[in-house]
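Colleague: Have a look at this prediction, sequence included:
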Amino acid sequence: MSTDKTQYGFTTTTLHSDRQKPIEHGSLHKPIHTSVTFGYNDARDLAAVFQGRQQGYRYGRQGNPTVSALEDKVTRMEDGIATICFATGMAAIASVVQALLREGDHVVSSAFLFGNTNSLWQTVAGQGIDVAFVDATDVAHVEAALTPATRIVFVETIANPRTQVADLARIGALCRARGIVYIVDNTMTSPYLFRPKAVGASLVVNALTKSIGGHGNALGGSLTDTGLYDWAQFPNIFDTYKKAAPAQWGMAQVRAKALRDFGGTLGPEAAHHLAVGSETMALRLDRECASALAVARMLEADPRVAAVHYPGLASHPQHAIAGELFRAFGSLFSFELADGIDCFDYLNRLKLGVSASNLGDTRTLVIPVAHTIFYEMGPERRASMGIAESLIRVSIGIEDTVDLVEDFRQALDEN
Ligand SMILES: *Cc1c(COP(=O)(O)O)cnc(C)c1O
């Protein structure tokens, strides 16, 4: 049976992708290969693998068959040419810094970012890499920040947690014209709702921990090369990684410099959990996006709620562009309660929403942003990122929609 991705839908392709290669005993799931090393009967074959003249595994830090099967799945989901998986989403983002940037390089990043990515950019600023933070909802701000040393432009599709939508297509056109690597963190949309390749992304980041794994039981991250960037234009590729065609240079360097040298490797057990979870991603997201819209609409209509930030609402500043680009508006929104309603009291009145970090889980999760995940950066920086002190982030799960709407409504009643 052939599962050509042009022929089948998203879920069909994901489910059957392991069977593209023969699996022992007709096993339907790719087995969990726990071996750290891989032996060869002919020592010359081992040498050929080390020298890149022959395909094969050598040591688990650089690759493992269970992880490779997941990498193939993500490549298909993103319609890319290659994927490298990492232990976490942050390790995938850090790999870009480790493998592709050098002292004196410049990065333009959206100011509306996942808190830990923001923190990572602050870290590298102390290591000789200059990061400019811009309002990426308008390409003009990105363009104004470019310098001759700009190597990378980094944005999230829908920003976590305030849901600003980047000017994705125009930034893609700008990066292409200037020969700059365009990195899109697709975690909040997932490859089911959006493929960044469609707006010219060079590299796509996914925190597999979130919607792709979907069950909050394994961490993982991935970096996918869409094949659109010409690595021959990139000044930071070492000669050693220029042996194959230029299309492969970037990932060859990331696999060696970031995965091998820094060692943020995804384990085979986690890869198995993430691969199984990914089979139901489309089904989960259809339910979650519909529920997120229903709960967001209910909250927006209630006078006890001051603001709701969700790209699916007509009131969202980028509602139109999100509707054009994304299959649906995502499972995450954030909102602010009216003055006088304490956000902790509200969260404690929820019966289904669990106070916890993480998102893209099967269970609905809620968190007071300024007091937790964005606490360390302080009030000034929070304000510049559009984070109100009372902001509550909601990651909608797969519970029945009516139960969720009722839970978020009843918690507005103070008693
Ligand atoms: C969670 C998240 C990450 C990091 O993923 P981890 O697996 O938790 O390291 C990166 N980007 C976004 C947008 C996220 O939501």
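Modeller: On my side now, so go ahead. This structure is a prediction, so every number in the text was calculated from the model and none was measured.

Colleague: which bits of the stretch 51-200 of the chain sit near the ligand?
Modeller: Counting by Cβ under 6 Å from any ligand atom, the residues of the stretch 51-200 of the chain lying close to the ligand are 88-90, 114, 117, 156, 160, 185, 187-188. The C-beta positions use only the backbone N, C-alpha and C, and glycine is treated the same way.

Colleague: so how far is the helix or strand of the chain with the lowest mean pLDDT off the chain centroid?
Modeller: Between all helices and strands in the chain, the lowest mean by mean pLDDT, DSSP states H and E belongs to helix 378-384, at a mean of 89. The chain centre lies 24 Å from the centre of helix 378-384; the measure is Cα atoms, centre = their mean, to the nearest Å.

Colleague: Same check on stretch 65-77?
Modeller: In terms of Cα atoms, centre = their mean, the centre of stretch 65-77 is found 15 Å from the chain centre.

Colleague: quick revisit: buried sites along the least confident helix or strand of the chain?
Modeller: Buried residues in helix 378-384, defined by neighbour count with 16 or more other Cβ atoms under 10 Å: 381-382.

Colleague: let's number from 774 now, not from 1
Modeller: Fine by me, first position is 774 from now on; the one you just mentioned is helix 1151-1157.

Colleague: Pairing partners for the very next helix or strand once past that helix, with directions?
Modeller: Proceeding N to C from helix 1151-1157, the next assigned helix or strand is strand 1165-1168, under DSSP states H and E. Note on strand 1165-1168: by DSSP bridges, its sheet partners are strand 1105-1110 (antiparallel), strand 1138-1141 (antiparallel).

Colleague: Can you add distance to I902, mean neighbour count and mean pLDDT and give those strands back as TSV?
Modeller: What follows is those, written out as TSV (distance: least, Cβ to Cβ, whole Å; neighbours: other Cβ atoms under 10 Å; pLDDT from 0 to 100):
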stretch	distance to I902	mean neighbour count	mean pLDDT
strand 1105-1110	29	24	97
strand 1138-1141	30	22	97
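
Colleague: Could you point out which of those strands sits nearest the ligand?
Modeller: strand 1105-1110 (8.5 Å; Cβ to the nearest ligand atom).

Colleague: Not counting that closest one itself, show me its contacts.
Modeller: With contacts defined as Cβ atoms under 8 Å, 6 or more residues apart in numbering, strand 1105-1110 is touched by 931, 933-936, 961, 1065, 1068-1069, 1072, 1077-1083, 1085, 1116, 1119, 1132-1133, 1142, 1161, 1163-1169.
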